[in-house]
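A.B. asks: I would like the atomic coordinates for the input below:
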Amino acid sequence: MKVSQHTVVTELPGVGEARRKKLEKLGICIVGDLLRYYPRAYEDRTVIHPVQAAPLGEKVCVCAMVAEQPRHSYIRKGMELVQVRAADHTAALYLTFFNQNYVRKALQAGEEFIFCGIIEEQGRHRVMTNPVFEKVGKQSMTGCIIPIYHLAAGISNHLLASLSRQALVCVCEVADTLPHWVRREYGLCQVEFALQTIHFPESFEALEEAKRSLAFEELFYLTVGLEHLKQRRRGAEGAPFSAIAMQEFINLLPFVPTDAQRRVLEEVAGDLTKGEPMNRLVQGDVGCGKTVVAAFGAWACIKEGYQAAMMAPTEVLAEQHYRTMSALLEPAGGRVALITGALSEKEKRRVKREIAQGEADLVIGTHALISQDVVFSRLALVIADEQHRFGVNQRSKLAAKSGEAGMPGTHVLVMSATPIPRTLALMVYGDLEVSVIDRLPPGRTPVATYVVGEDKRQRMYGFVRKLVGEGRQVYIVCPAVEEQADTGGVQALELKAGKAYAKRLAEEVFPQLRSGLLHGKMRPKEKDEMMGRFSRGELDILVCTTVIEVGVDVPNAALMIVENAERFGLSQLHQLRGRVGRGAYQSYCVLMTGARNPDTLARLKILASTTDGFQISEEDLKLRGPGDFFGSRQHGLPQLRLADLSGDMRTLSQAQQAARQLMKRDPCLQAPENLPVLERVRKLFSETPDIFN
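C.D. replies: Coordinates of the predicted model:
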């Protein structure tokens, strides 16, 4: 049977409607998806060990003859056992199978099998439990390198491997969209060989060659797409600004900006007066003063008679920006408005009317800003805070509102307090110019960070009482809001669930202190009320989830305790730590963990050893890879399946070089031989198709 890459998976033998739905959860709908669903790891089953010499405690393959007919027994209802003895010329091997009744017929005395599993010793016997086995001479999953895939409920590794094998055999032709000169010039293997080898490698050397070629392809198409975006921007007209008197703005500030802040202000001023739409990312560590850059952009708009819009990911943060911007800009005659979902319908109508009539110069809000009935009169600048929380779509929808008002192209300023390694920024924000504020304002005391085990919990509680006694406030962050039956394989009782823990702290541990609970499932008004109470000093302790990760500023908070710290990424922990140390007091971050795994503890100790967010993000990228770097994928650009941005800089550099060569030769990708490239790029950016219209 021959099929195309676009054939639905139900055409393959063994895939009915039930399996189709389960495969769909893995993103596998057509045969081409199977080919591009790459293994996450590999198991070497090429080495066959003698039973007696096989290493204990690790997965191995042995060849042994079944020495007797299998014995079957019931332990209790729902649990049956099949036991059998096998042997080779060195020793006997005692095999046990739980709830695998078919083994009684499959294993016949006198026949030789390859058994793969973990060998252990029980007394003088060598034993193996639930091994994979195949008859000698009929192997497909032993004597070779086996792919290990990410799985979903009801989809086994064996099923995925056999479906991938079928797909590779059945597909009549895999279209090679990469230009031939690129494959030749950069020494890449043919696409059929790469796909065959990534799933079923003949050797680990061949696997590396296939991985490099496929990773190169990913990075090549991604770079072509991003270059396409940049070219479109270069040809566009931006809202015109005359010369900007930067010193006039600096005179408004209640402090002297750092050299790093001044440098970025100059870059923004240069962008705004260039005649093209600005598209700039301002990166900087927590507390480095990015808000000043946003205020400068808004002030420049006010001076020119334009409007600016600032989008924040949460209502708490939107309100904080509203207070900060009002204090900075209103003395200069700026009118600042706030629009969030929490406003009453009457208030929303009033604010929308002010925006439409040009009576609001800077509009701050959540994603409520991009709703259809919010109409601007002269929108020239869009500021997106914490960009990794927004998709490219949301950013472009807001930017498009200037066109609705008949304005030229909108200037876009993106701010991120998540320090992103330069390599990852090249990919995720490849359509943006990047500015870095790499100096903290003077007087910021580094937060002292400690990794603390469960055995020191009572001492930690004592430290909370001491700091509160000195007038300080405390955050306690939990990974779960409420107890669940099962949490991703970790027993719920092991996790500090916010609601139950907050209750226990209030009633048993700190009955004399004032504590509150803040989490993402609360209604916006409840969240704002709780955060407001903490900000005003009406609470000593705030038990919360990561909802406080972004932007909330309480200078009196001097202690951050993160429960089950091993459940968070390093960059996220660094963000949480940035919520303290904002006042004049020495501040502390305590990472509580019951983990004993040396790798886990070493990872947490990286955070305790440095406060440099960029160094931490580099480590995080090495440990978790780019796919997980942002947690849930919200940045809106294509997911990289194979390319490792933390490791292979050479492949990244070559792929970018090749993509730029191509775009130089054929900027619009209109040559017949380049149309497949354009089609592949369109498909890659399918979640944000409007960027190619």
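A.B. asks: tell me how far the lengthiest helix in the chain is from the chain's mean position?
C.D. replies: With secondary structure taken from DSSP state H, the chain has its longest helix at helix 204-235. Relative to the centre of its chain, helix 204-235 is centred 20 Å away, using Cα atoms, centre = their mean, to the nearest Å.
A.B. asks: and the next element down the chain from it?
C.D. replies: For helix 204-235, the following helix or strand on the C-terminal side (DSSP states H and E) is helix 246-250.
A.B. asks: For that next one, which helices and strands make contact with it?
C.D. replies: helix 259-272, helix 290-304 (3 or more Cβ pairs under 8 Å, 6 or more residues apart in numbering; DSSP states H and E). From N, CA and C alone the C-beta is placed, and that goes for glycine too.
A.B. asks: Please name whichever of these is nearest to residue 375.
C.D. replies: helix 290-304 (17.0 Å; Cβ to Cβ).
A.B. asks: Dihedrals phi and psi, the closest residue to residue 597 other than its chain neighbours?
C.D. replies: Leaving aside its sequence neighbours, residue 597 sits nearest to residue 566 (Cβ to Cβ, 6 or more residues apart in numbering; 8.0 Å). Main-chain dihedrals, residue 566, degrees, to the nearest 10: phi -70, psi -10.
A.B. asks: Looks like residue 566 contacts residue 596 (just checking).
C.D. replies: No: using Cβ atoms under 8 Å, residue 566 makes no contact with residue 596, being 10.1 Å away.
A.B. asks: Neighbour count: the two, which is higher?
C.D. replies: residue 566 (19 against 8; other Cβ atoms under 10 Å).
A.B. asks: where's the more buried one relative to residue 210, distance?
C.D. replies: According to Cβ to Cβ, to the nearest Å, residue 566 and residue 210 sit 34 Å apart.
A.B. asks: And residue 14, by the same measure?
C.D. replies: From residue 14 to residue 210 the distance is 26 Å (Cβ to Cβ).
A.B. asks: Give me the neighbour count for residue 132.
C.D. replies: 17.
A.B. asks: That one - nearest residue in space that isn't next to it in sequence?
C.D. replies: According to Cβ to Cβ, 6+ apart, the nearest residue to residue 132 is residue 116 (4.5 Å).
A.B. asks: I'd assumed residue 59 was in contact with that neighbour.
C.D. replies: Yes: between residue 116 and residue 59 a contact is recorded at 6.6 Å, counting by Cβ under 8 Å.
A.B. asks: Give me the more crowded residue out of these two.
C.D. replies: residue 116 (20 against 14).
A.B. asks: And the helices in the stretch 351-500 of the chain?
C.D. replies: Secondary structure of the stretch 351-500 of the chain by DSSP state H, counting those that start in this stretch: the helices cover 392-399, 401-404, 422-428, 457-469, 498-504.
A.B. asks: For the closest residue to residue 604 other than its chain neighbours, give me its contacts.
C.D. replies: Excluding its sequence neighbours, the residue lying closest to residue 604 (Cβ to Cβ, 6+ apart) is residue 451, at 4.7 Å. By Cβ atoms under 8 Å, 6 or more residues apart in numbering, the contact list for residue 451 reads 565, 591, 593, 601, 604, 605, 607, 608.
A.B. asks: Make a ChimeraX selection of the buried ones in those.
C.D. replies: Selection of buried members from these for ChimeraX, criterion 16 or more other Cβ atoms under 10 Å:
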select :565,591,593,604,607
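A.B. asks: for the contacts of residue 451, which one is nearest residue 667?
C.D. replies: Comparing the contacts of residue 451 against residue 667 with Cβ to Cβ picks out residue 607 as the nearest, at 44.7 Å.
A.B. asks: and the stretch of helix or strand that closest one belongs to, what other elements does it pack with?
C.D. replies: In the assignment (DSSP H and E), residue 607 maps to helix 598-609. Using 3+ Cβ pairs under 8 Å, 6+ apart, the elements in contact with helix 598-609 are strand 448-453, helix 570-577, strand 588-593, helix 613-624.
A.B. asks: Tell me which of the helices and strands packed on helix 246-250 sits most buried.
C.D. replies: helix 290-304 (a mean of 23; mean count of other Cβ atoms under 10 Å).
A.B. asks: what about the following helix or strand past that one, average pLDDT?
C.D. replies: Heading C-terminal from helix 290-304, the first helix or strand you meet, by DSSP H and E, is strand 307-311. The average pLDDT for strand 307-311 rounds to 92.
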